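Asks: Sharing a sequence plus its predicted fold:
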Amino acid sequence: MDFVSPVLDIASRICNCVGDRADHLRRLPQNLKSLRTETEKLNNVYKDVKERVESEENLEKKKRTHVVDGWIGRAEAMEKEVNELLDRCDEENQKKCFGTCCPRNCRASYKLAKMVREKMDAVAELQSEGSNFQEVAVPLPSPHVIERPLEKPVGLDSPFREAWGLLQDEQVGSIGIYGMGGVGKTTLLKKINNKFLQSSIKAFDFVIWVVVSRPTNLERVQETIRSRLQIPDDRWKGSEEDDKAAEICRILKTKKFVLLLDDIWEPLDLLRVGIPPLGDGNQSKIVFTTRSADVCGGMAAQKSIKVECLEEKEALSLFQAKVGEDTLNSHPDIPKLAEMVAKECKGLPLALIVIARATASAKTPEEWEINLQKLRLYPKDVAGTENDLFSVLAFSYDSLPDEATKSCFLYCSLFPEDYQIPSKHLIQLWIGEGFLDEYDDIQEARNQGGKIIQMLKHACLLEVGTAHFVLNGEFLMMHDVIRDMALWLACEKGKKKNKFVVKDGVGLISAQEVQKWKDAQRIALWNETYIVEPRESPRFPNTETIIGRMKRFMFPSGFFTNMSVIRVLDFSNIELRRLPAEIGNLATLQYLNLSGTRIEYLPMELKNLKKLRFLMLDRLSLVGPLPNQMVSSLSSLQLFSMKFSLSRFPIDEIMLLEELEQLEHINDISIKLKSIQSIQRLFESHKLRRSTTFLQLEGGWGMNQLQLVSPSCIKELVLEECDELEEVKIIHFEKQVVPSKFPNPPCCFNHLLSVRIIACNKLLNLNWLIHAPKLQYLSIARSEIIEKVIEDERIEGSEIESDLSVFSRLICLTLRYLPKLESIYEHPLPFPSLRQIYVFGCRSLKKLPFDSNICMSKKLEKIEGQQEWWDGLEWNDQTLMHNLTPFFQPIRSL
């Protein structure tokens, strides 16, 4: 048998095995060195990857990928394993035979050597994998709401509760939040956003915040929403606007979302953005902020919330918080001064914050007093007001549609702080200034003026005043900070300090100060303001407007000498006793208001004012007659007003009417007449009838019947002390209309808005008022006989229908000293426009024409009367009494 071959084969295998192991052992020192080197390289790659991951997680708000997270774990584990292996190798190296390099335990050393080799390969593979990561982190899944940074809000609890309640209402999809600049709209929206962070509120999949701002950029809005929805690049980049909108819509229509749009300046087309229509049961919501109420309408907001300025206590709290306790405690006088400074901001949060920053470093009372004086006289000089306050508020001004509207707004700054501006008077001034010259007809210009007022109110640049409704329409106010901003703009952002000069109660003004007004475009002097008699005639070469409303005023010598471009002079309601003859030299004058002054004589030179368009002579007590042919000489005259004026010398009313009739451009006449002949002359003239807007009839002309001819443009009618007057009849195109017989009266006096009846003691009723369907103000006083305002009669056996539009436009009803008055109207009326009722000295009036079954005016503000009268009213319906009682305000008996 062949025993050699197997033996040799076994020997060969043993040699190979021994040789392989010997090779591992021989290469071990070099492999250990390589392992240490490769491990160090792996550690460097590990650090690079870890830094990339942490950077993207912290700065870009991403999340590491699962692959990278696994690699980091394996790299950390590998480092630990390698360190343990190296430690074992070091221990084994210490166990070599004495005096040799041979290991005592070859088998154990071989196993270590083999493990070193394997770790080298594993470390190299891990290092290569870590060096080739293209992506280490991906965007986090979008949270349903992202917190907005927000300090603790002050004074927003009420609008927040209202807004949050509407968000819970399934019937309300869109909510508009509006208010003036700096009032806290964005803060309120942030508070709404952050409310959704509460874990208990999980009603919506997404709360999306978008700042729209101006000019509106649709692409930017879409990009913000895309980022929030995490739409990938392959579905977005290179797409057209419509495709992007479709992609946004595709996602949102399957979600329940809240879209918060901040700072909208014009209606935003949400469909073009990609927002699916609300409704269809998805219960999504849209809430937006804007400075304009018009935008709320344009965005079809189902509910609108106006954010008002802070109450005084809240405003002071915000101001004190921004100033800081350290400053407030630096002197005992500073808290009181801080309160005075805060009041100047009139509750506007932005103003409170800006002014607080400017005064926070003031640690002495003297510094605070200086800042307070600056704020009152020259607010722009207070640090931060121009850049941080006025510039922000001016965005509302910049957004006004045209220069005429901007001029009308700036003009309002000529009135003092907190002044209640009669809207009718303001529009008249605008027309006189030429802001509305594109309208030839005064009424058209007035209508446009009304639209501008609405626009300014909706832009929160004007506010509705608090004064009672009177015949001049509503009163307007301008927030003090808005007014300061308007003056700053009018003076070309403070560069021309004296372009608009407004002085209110400043006492004596020196001649030197007046000389500085030579560059003034408009001058307004109010209340306790007086001009020292200058040595030289003052010069006003650039002045277009002078409004003099001082308590007492005397024209300095030569006052009218140097006014080459003057358009408007308003000296109404001051103790002015003399009008200098030199006023006739003002060739450019177009508006002159002397109403309510103490002037006794009108100078003949007024007839030289050939460009005069508006002449107001209301409530004068003249001693002498009107200058002969003065009125007819004013060839450009459009408006002539002489309401409630008296004259010791009888005015020739026929001659005055004839002079007015000669004027080519006249279309607005307000006049008082006392004779039958004058009344007949007025109504016989088509021109005079068409132009008369105010008619006051006074005195006992021995006429028991007044025939008013229609159609007529009379807006205000006053019948005063017409002792013999028993009946008013309407003559319509020479055809008599019997006022007490209706139900379907022709609307003869569509323009009539106001009627006042005073001391007409034979006038039984006012049935003729049914011919004035647009009547807004009705006042009846001092009548001993009137029992019913409107008397219900039968016509051919049928009763008057109770749904007639009698008093459907009535805003204010005043009844005074009518001892026999029993009824306003027999049947209950809805009074849909009624705001105020004033009843005094009407002891027989036991019922009001209301009914709980008829929807009453939602605009009702108050019912004023004596307490004993209110307590004596008879109610057919206790529900009605319960509904009206909150509106009652008692007044004391005189």
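Replies: Here it is on my side, so go on. Residues are numbered from 1 along each chain as shown.

Asks: Within the helices and strands, which one has the residue lying closest to R577 once chain neighbours are set aside?
Replies: Using CB to CB, 6 or more residues apart in numbering and skipping residues adjacent in sequence, the residue nearest R577 is R598, 4.6 Å away. Yep, even glycine has a C-beta here, placed from its N, CA and C like the rest. Secondary-structure assignment from DSSP states H and E places R598 in no helical or strand segment.

Asks: Show me where the stretch 451-600 of the chain has its helices.
Replies: Using DSSP state H, counting those that start in this stretch, the helices assigned to the stretch 451-600 of the chain run over residues 480-490, 511-515.

Asks: circling back to that earlier point, contact partners for the residue nearest to R577?
Replies: 575-577, 621 (CB atoms under 8 Å, 6 or more residues apart in numbering).

Asks: In strands, which of those fall?
Replies: When DSSP state E defines the strands, the subset of those inside them is S621.

Asks: Mark which of the contacts of R598 are buried, thanks.
Replies: The neighbour-count test (16 or more other CB atoms under 10 Å) applied to these identifies L576 as buried.

Asks: Tabulate the helices of the stretch 451-600 of the chain (a markdown table), appending mean pLDDT and mean neighbour count.
Replies: Supplementary listing: the helices of the stretch 451-600 of the chain in a markdown table, determined by pLDDT from 0 to 100; neighbours: other CB atoms under 10 Å:
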| stretch | mean pLDDT | mean neighbour count |
| --- | --- | --- |
| helix 480-490 | 92 | 24 |
| helix 511-515 | 86 | 14 |
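
Asks: Throw these into a markdown table and include distance to Q705, thanks.
Replies: Conversion of the helices of the stretch 451-600 of the chain to a markdown table gives the following (distance: least, CB to CB, whole Å):
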| stretch | distance to Q705 |
| --- | --- |
| helix 480-490 | 52 |
| helix 511-515 | 58 |
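
Asks: got the residue ranges for the helices in the stretch 201-350 of the chain?
Replies: Under the criterion DSSP H, counting those that start in this stretch, the stretch 201-350 of the chain contains helices at 218-229, 241-252, 270-273, 293-298, 312-323, 325-328, 334-344, 349-359.

Asks: Show me what stretch 759-766 is in contact with.
Replies: 704, 719-728, 740, 755, 757, 780-791.

Asks: Recalculate using a threshold of 10 Å.
Replies: For stretch 759-766, the surrounding residues in contact (CB atoms under 10 Å, 6 or more residues apart in numbering) are 697-698, 704, 706, 719-728, 739-740, 755, 757, 772, 778, 780-791, 793, 817, 823.

Asks: Tell me, how many residues neighbour D157?
Replies: By other CB atoms under 10 Å, the residues close to D157 number 11.

Asks: Quick check: the gap between it and M604.
Replies: When distances are taken as CB to CB, to the nearest Å, D157 and M604 turn out to be 66 Å apart.

Asks: ditto for E314
Replies: 60 Å.

Asks: Looking at these two, which is more packed in?
Replies: Set side by side, E314 and M604 show unequal neighbour counts under other CB under 10 Å, the larger going to E314 at 17 against 14.

Asks: how much space between that one and K191?
Replies: If you measure E314 against K191 using CB to CB, the figure is 15 Å.

Asks: ok, now A511?
Replies: Following CB to CB, the distance that separates A511 from K191 is 56 Å.

Asks: try R88
Replies: Using CB to CB, which is the criterion applied here, R88 is 63 Å from K191.

Asks: Same check on D381?
Replies: The gap separating D381 from K191 is 34 Å, by CB to CB.

Asks: what's the answer for F831, then?
Replies: 40 Å.

Asks: Ok, E241 next?
Replies: Plainly put, E241 is 33 Å away from K191 if you go by CB to CB.

Asks: between the two, which one's more packed in?
Replies: Neighbours were tallied for E241 and for K191 using other CB under 10 Å; the higher tally belongs to K191 (20 against 13).

Asks: Can you list the buried residues in whichever helix or strand the more buried one is part of?
Replies: In this structure, K191 is located in helix 185-195 according to DSSP H and E. Of all the residues in helix 185-195, those buried under the rule 16+ other CB under 10 Å are 185-194.

Asks: swap in stretch 65-73?
Replies: 68, 71-72.

Asks: Restricted to helices, list those.
Replies: When these are checked against helices using DSSP state H, the ones located there are 68, 71-72.

Asks: tell me, how many neighbours does G165 end up with?
Replies: By the criterion of other CB under 10 Å, G165 has 11 neighbours.

Asks: would it count as being in a helix?
Replies: Yes - assignment of G165 by DSSP: H, G, I helix; E, B strand; the rest coil places it within a helix.

Asks: how close does it sit to P603?
Replies: Relative to P603, G165 is positioned 65 Å away (criterion: CB to CB).

Asks: same deal with Y378?
Replies: Using CB to CB, one obtains 39 Å as the distance from Y378 to P603.
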